[in-house]
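Colleague: Pasting the sequence and the predicted model now:
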Amino acid sequence: MFPTRLLPGTGALLVGRELGGRNRLEALVGAGLLLTVPIARSLNLLARGELLAGSLGVEVRTLRRYIYLVASLLTAGAVTAAGSVGFVGLVVPHMLSFLVSRKWNAPVEGLSAFPESQWPDNIPLLYYSYHIMVGLGTIFIAIMTVAAWLLWKQTLFDARWMLWILMLSFPFPYIANTAGWITAEIGRQPWVVHGLMRTEQGFSFNVVAGNALFTLIGFMGMYTLLSMLFLLLMWREIEHGPEFLSAGAR
């Protein structure tokens, strides 16, 4: 269920003035410390240089992957505990105030600051679609950062684990785009034009249900055809392989 008990403190949390869920964040920090205990010696050696660490038996590549995994889990946990927007307040206090009003100490109003008659109809769907959109966006940044670093090191095409991640993540942009569309359309409710026209007033007497259904079926057919074409072209590119590989290498 939607955590409505968090609504009263939303504004303070967003601007970084109040840290809701402090116990959860303390537990998260403790979990992060526990995860680093088994690799404490290896981390100390790695801090002195990769060559020295490798000569003393440290699997540098495996250790780096473990560090990336722990960092990703801790970041995801912090976003979950504080909220995707509240996480900004944890990293840079009062940043949301500056983004909204160009003033560092300006208040940011939460949902509880508005009468319920002006709330969106489906708050849980809005809440989770927004977090899916932001969460996937964070994942995209992480994936492309690691991929760009591997490409710079000229090891991207040899890192099979990263190539699998890149291949399996291709549906995520479509999911993020759909979640963003849901966020925008539900988030603007109950207004067509904010403060001027409500949704129940923004309909036409000249458009019947059959017209809307015909348009919907047409769009569904068009997108189905485009999806099939996309999968076909994607499969052909995968079968063809990279341009620089010869027929014998494939």
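Modeller: Yep, that arrived. Numbers count the residues shown, from 1 in each chain.

Colleague: Check the spacing between G202 and Q189 real quick.
Modeller: From G202 across to Q189, the span is 11 Å (Cβ to Cβ, to the nearest Å). In short, each C-beta sits where N, CA and C put it, glycine included.

Colleague: Okay, domains of the protein per the record?
Modeller: 1-113, 114-203, 208-250 (automatic domain parsing).

Colleague: Counting residues, which helix of this protein comes out longest?
Modeller: helix 209-240 (DSSP state H).

Colleague: now for it, which elements pack on it?
Modeller: Using 3 or more Cβ pairs under 8 Å, 6 or more residues apart in numbering; DSSP states H and E as the contact test, no helix or strand touches helix 209-240.

Colleague: I'd like the domains of the chain laid out as TSV, including mean pLDDT.
Modeller: Compiled in TSV, these are given as follows (pLDDT from 0 to 100):
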stretch	mean pLDDT
domain 1-113	66
domain 114-203	88
domain 208-250	83
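
Colleague: Would you reformat these as CSV and include mean neighbour count?
Modeller: Formatted as CSV, the domains of the chain follow (neighbours: other Cβ atoms under 10 Å):
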stretch, mean neighbour count
domain 1-113, 15
domain 114-203, 14
domain 208-250, 9
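
Colleague: on that earlier part again, from the chain's centre, how far out does the longest helix of the chain sit?
Modeller: The chain centroid and the centroid of helix 209-240 are separated by 26 Å, computed with Cα atoms, centre = their mean, to the nearest Å.

Colleague: for stretch 144-161, same thing?
Modeller: On the basis of Cα atoms, centre = their mean, stretch 144-161 sits 21 Å off its chain's mean C-alpha point.

Colleague: first vs last residue of it, how far apart are they?
Modeller: Separation of the first and last residues of stretch 144-161 by Cα to Cα, to the nearest Å is 14 Å.

Colleague: tell me the helices in this structure, going along the chain?
Modeller: 10-14, 22-36, 40-47, 50-55, 60-82, 86-91, 95-101, 123-152, 160-168, 172-187, 209-240.

Colleague: Figure out which of these is closest to E116.
Modeller: With Cβ to Cβ, the closest approach to E116 among the helices of the chain belongs to helix 123-152: 10.2 Å.

Colleague: residue contacts, the closest residue to W191 other than its chain neighbours?
Modeller: In space, and not counting its chain neighbours, W191 is closest to R198: 5.9 Å by Cβ to Cβ, 6 or more residues apart in numbering. Listed by Cβ atoms under 8 Å, 6 or more residues apart in numbering, the contact partners of R198 are 190-192.

Colleague: export these to a markdown table and tack on distance to F172?
Modeller: Converted to a markdown table, the contacts of R198 look like this (distance: Cβ to Cβ, whole Å):
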| residue | distance to F172 |
| --- | --- |
| P190 | 31 |
| W191 | 30 |
| V192 | 31 |
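
Colleague: ok, so of these, who is nearest L96?
Modeller: Nearest to L96 among these: W191, at 22.4 Å, using Cβ to Cβ.
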